[in-house]
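# give the three-dimensional model of this entry:
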Amino acid sequence: MSDDTPERDPIGEDARIDALEQRLQAAREREEQRNRPQVQGADSGYKLGNRVLAELLGGLIGGALIGWVIDRFAGTSPWGLLVMLFLGIVVAFRNIIRISNRRSD
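Below is the predicted model of the structure:
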């Protein structure tokens, strides 16, 4: 006997082994899909947080700016600024509540 030739011929492909390999491959793909990070969920939460922050800052800054302009032209300092700042806060919180209610639906 020489070292070049094996003692027995290799066993031919078995249908059961092929089926097992296919099932293993399908299970690996399902596991990979399940463990893949959910980028969409994280991205949408980040966008929602930015929108809430923009609404809050926009309401405060917008109300303060409009109130300041009213005070400059009407000479009602500081009442125009205070009233419009308060209205800006109310509008900002109303918009934030609307966003949060829409998100939970």
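# the longest helix seen in the chain: what's the following helix or strand?
Among the segments of the chain that qualify as a helix by DSSP state H, the longest is helix 39-74. Using DSSP states H and E, the helix or strand that follows helix 39-74 in sequence is helix 79-104.
# check the offset of that following helix from the chain's centre.
Centroid separation for helix 79-104 versus its chain: 24 Å, with C-alpha atoms, centre = their mean, to the nearest Å.
# list the buried residues of it.
Buried residues in helix 79-104, defined by neighbour count with 16 or more other C-beta atoms under 10 Å: Gly80, Leu81, Val83, Met84, Leu85, Gly88, Val91, Ala92, Asn95, Ile96. C-betas here are computed from N, CA, C, even on glycine.
# and if you look at stretch 60-71?
By neighbour count on 16+ other C-beta under 10 Å, the buried set for stretch 60-71 is Gly62, Gly63, Ala64, Ile66, Gly67, Trp68, Ile70, Asp71.
# which residues are contacting it?
When contacts are defined by C-beta atoms under 8 Å, 6 or more residues apart in numbering, stretch 60-71 is touched by residues 76-89, 91-92.
# quick one: which of these is nearest Asp14?
Using C-beta to C-beta, Ala92 comes nearest to Asp14 of these, at 69.3 Å.
# give the closest residue to the closest one in space, chain neighbours not counted.
Closest residue in space to Ala92, ignoring its immediate chain neighbours: Gly59 at 2.6 Å, by C-beta to C-beta, 6 or more residues apart in numbering.
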